[in-house]
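Engineer: With the input below, show me the fold.
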Amino acid sequence: MIPSDTPHARLLRHMLDAGLAAAAPEICLAPQIPDPPRGRTVVVGAGKAAGSMARAFETHWGGGPLEGLVATRYGHACPTYTIRVVEAAHPVPDDAGRAAAARMLGMVSGLGADDLVVCLLSGGGSALLGLPAPGIALEDKQEITRALLRSGADIAEINCVRKHLSAIKGGRLAAAAAPARVVTLAISDVVGDDPATIASGPTVADPTTLAEARAILDKYRIPCPPAVRDHLADPAAETPKPGDPRLARSEYHLVGSGAATLKAAAETAASAGYRVVDLGDGVDGFARAVGRAQGQMALEFLGRGEKVCILSGGETTVEVTGGGRGGRNGEFLLAFALATSGQPGIWALACDTDGIDGTENNAGAWTGPEQWRRREELGLDARAFLADNDAFGYFERVGGLVITGPTLTNVNDLRIVLVDPP
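Structural biologist: Numbers count the residues shown, from 1 in each chain. Prediction:
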C-alpha cells in the first residue's frame, strides 16, 4: 500500500487502515437495518460502497425474502446472494448505469403501503444512477458532466444540475415508490452529510430549483443542447420539494461518515504519542490552496517543537487547466510538499477512502523527506507538475503513490499530517 517501512510510513498506513475499517458497511450498517414489513422487501441503491452494503444487508437481514438491485462502480462489485449487483461508469454515467436506474424505478413502482423499499446509498451514486429525464439523451448528460467536472464546480453545484436532468434523483425514486415505506441507509461522502446531496438525494425532497441549475450552467459557461435548455425551463420538470405527500413515508439514516473515520485515525495517532489537531470532515476549497495552508500549519508546529497529528476530511476541488493525471488528494499533497520542501520531521498522506483518487488506480499519495530527496535526485520540477495537474505523474516518479484497490466504502477524503520534530 505504502512503499516504505519507516516508522512514520507504518503509522500513516495504520491510521488509514483504522479509518477505512470504521467506515466498513459490515460494521456500520447492521445497527440500522429496519424490521421486516408485512409485504414485500425491495432493495435498491447505488454508490461505490453499494455492493458491500448489499452484502452486509443480506448478512444481517432477519426478515423474509429479498429482491433487489444496486449499481456500483466498475471493479467495486462483491458477491451477494439475492440482491443483484451491477457495475457502471463513474464519474461520467454510461448506458449500464442508465439501464440499472431504469430497472430500479420499475422495481419500486406499483408497490403498496405494506411493502418496504430499502435504498442503500453511498458516494458515487449520482453518476451511477444515470437515467436522464424524458427527452434528454444520455450523451447530453455525459457531455455536461464532463464539463462540470473540469470547471471547478463543487459537488453541490454538480449534483444540483444532475438532479434536474434526472428521472430518478432529487426525490423521484421515493416518489415512484409511494405509498410504500422507504428507508434509506447512507454512507456519506459529502461535506455536511446533506441527504439531498449524497448520491443526489433520490429519496429525499430537493431544495434546489430549476433556476439554480440554469444559473450554475451559466456560471461555468457550460454549453447545453436545446433539449436540455428546454427541460430546465419547464416548470413541470421541477423536482419534488419539501412537503410533497409522496415522500411522507420516506425516512433517512446516516450509517457512516467521515467523522467516524477521523475519530478512528485520531485514536491511532494518540496511541502513538501525538497530540491530535482535528480540523473536521468539512474541509473544502481548492486542493492546492488547502495543501499550502496545511503545509504552513505543519511548519509552525515544527518550529515550536510540537509532536502533532493534523487530521482533516471533506472534499476539495481541482480546476483542471493542465494535461496531467491525478485527483484532488494528489494535488493537495503536491502543494503540501512544495510548501514544506521536504523539511525533516514532516510526513503526510491524503487518500480518497473509496480507493480511487481521480481517474487513476491510486487512492492518493504520501510524502515526506524521502520523496523530496528522490525529487532532487531525479531533477524533477515539482511546481511544473502541479501547474500541469500531474500529481499522479510526480508521485509515481518519487515513489509516493498509495494503492489500496477498491475499499468497498466511501466517506470522502482522509488527510493525515504527522509533525515529529527530529
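Engineer: CA atoms for contacts and neighbours, from now on please.
Structural biologist: Will do.
Engineer: can you give me the strands in the stretch 151-300 of the chain?
Structural biologist: Along the stretch 151-300 of the chain, counting by DSSP state E, counting those that start in this stretch, strands occupy 181-187, 250-256, 275-278.
Engineer: name the helices or strands packed onto the shortest one?
Structural biologist: Counting contacts by 3 or more Cα pairs under 8 Å, 6 or more residues apart in numbering; DSSP states H and E, strand 275-278 is packed against helix 258-271, strand 308-314.
Engineer: Parallel or antiparallel, which strands does it pair with?
Structural biologist: strand 308-314 (parallel) (DSSP bridges).
Engineer: Just after the strand it pairs with, pick out the following helix or strand.
Structural biologist: Using DSSP states H and E, the helix or strand that follows strand 308-314 in sequence is helix 328-340.
Engineer: can you state the direction angle for the next helix or strand after that next one and helix 328-340?
Structural biologist: Using DSSP H and E, the helix or strand that follows helix 328-340 towards the C-terminus is strand 346-352. If you take axes from the mean of the first three to the mean of the last three Cα atoms, to 10 degrees, strand 346-352 sits at 160 degrees to helix 328-340.
Engineer: Can you spell out which helices and strands pack onto strand 346-352?
Structural biologist: Packed next to strand 346-352, using 3+ Cα pairs under 8 Å, 6+ apart, are helix 7-22, helix 328-340, strand 364-367, strand 413-419.
Engineer: of all the ones you listed, which lies closest to residue 154?
Structural biologist: Of all these, helix 328-340 sits nearest to residue 154, with 12.0 Å by Cα to Cα.
Engineer: quick one: the closest one to strand 413-419, angle?
Structural biologist: Angle of helix 328-340 versus strand 413-419, following the same axes, to 10 degrees, is 20 degrees.
Engineer: According to the record, where do the domains of the protein fall?
Structural biologist: Here the domain parsing of the chain from automatic domain parsing is 7-21+259-419, 25-256.
Engineer: I'd like these written out as JSON lines, with mean neighbour count and mean pLDDT added.
Structural biologist: Formatted as JSON lines, the domains of the chain follow (neighbours: other Cα atoms under 10 Å; pLDDT from 0 to 100):
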{"stretch": "domain 7-21+259-419", "mean neighbour count": "21", "mean pLDDT": "96"}
{"stretch": "domain 25-256", "mean neighbour count": "21", "mean pLDDT": "96"}
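Engineer: Stretch 221-228: how far from the chain's middle?
Structural biologist: Computed by Cα atoms, centre = their mean, to the nearest Å, the chain-centroid distance of stretch 221-228 equals 26 Å.
Engineer: quick revisit: let's have the helices and strands packed on strand 346-352 in TSV, adding distance to residue 167.
Structural biologist: Output for the helices and strands packed on strand 346-352, formatted as TSV (distance: least, Cα to Cα, whole Å):
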stretch	distance to residue 167
helix 7-22	33
helix 328-340	30
strand 364-367	33
strand 413-419	29
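Engineer: among those, which is nearest residue 114?
Structural biologist: Judging the helices and strands packed on strand 346-352 by Cα to Cα, what sits closest to residue 114 is helix 7-22, at 34.1 Å.
Engineer: just checking, next helix/strand downstream of the closest one?
Structural biologist: Sequence order places helix 25-28 as the next helix or strand after helix 7-22, per DSSP H and E.
Engineer: Alpha carbons only: can I get the next helix or strand after that next one in PDB?
Structural biologist: Once helix 25-28 ends, the next helix or strand along the chain (criterion: DSSP H and E) is strand 41-46. Coordinates of each C-alpha in strand 41-46 appear next as PDB, following Å, rounded to 0.1, in the frame of the first residue of the first chain:
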ATOM      1  CA  THR A  41     -39.000  -6.000   0.700                       C
ATOM      2  CA  VAL A  42     -37.200  -4.500  -2.300                       C
ATOM      3  CA  VAL A  43     -33.600  -3.300  -2.000                       C
ATOM      4  CA  VAL A  44     -32.200  -0.700  -4.400                       C
ATOM      5  CA  GLY A  45     -29.200   1.600  -4.300                       C
ATOM      6  CA  ALA A  46     -26.100   3.000  -5.800                       C
END
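Engineer: any idea which helix or strand comes after strand 41-46?
Structural biologist: Sequence-wise, the next helix or strand downstream of strand 41-46 (DSSP H and E) is helix 50-60.
Engineer: So what touches that following helix?
Structural biologist: Contact partners of helix 50-60, identified using Cα atoms under 8 Å, 6 or more residues apart in numbering, comprise 25-26, 29-30, 33, 70-72, 76-83, 85, 120-122, 408-409.
Engineer: Repeat that for stretch 202-220.
Structural biologist: For stretch 202-220, the surrounding residues in contact (Cα under 8 Å, 6+ apart) are 119, 148, 151, 153, 157, 160-161, 164, 168-175, 182, 184, 195-196, 223, 229, 232-233, 235, 237-244, 247, 250.
Engineer: which ones among these are found in helices?
Structural biologist: Per DSSP state H, helices hold the following members of the contacts of stretch 202-220: 148, 151, 157, 160-161, 164, 172-175, 229, 232.
Engineer: Check those residues against residue 333 and report the nearest one.
Structural biologist: Nearest to residue 333 among the ones in helices among the contacts of stretch 202-220: residue 151, at 20.8 Å, using Cα to Cα.
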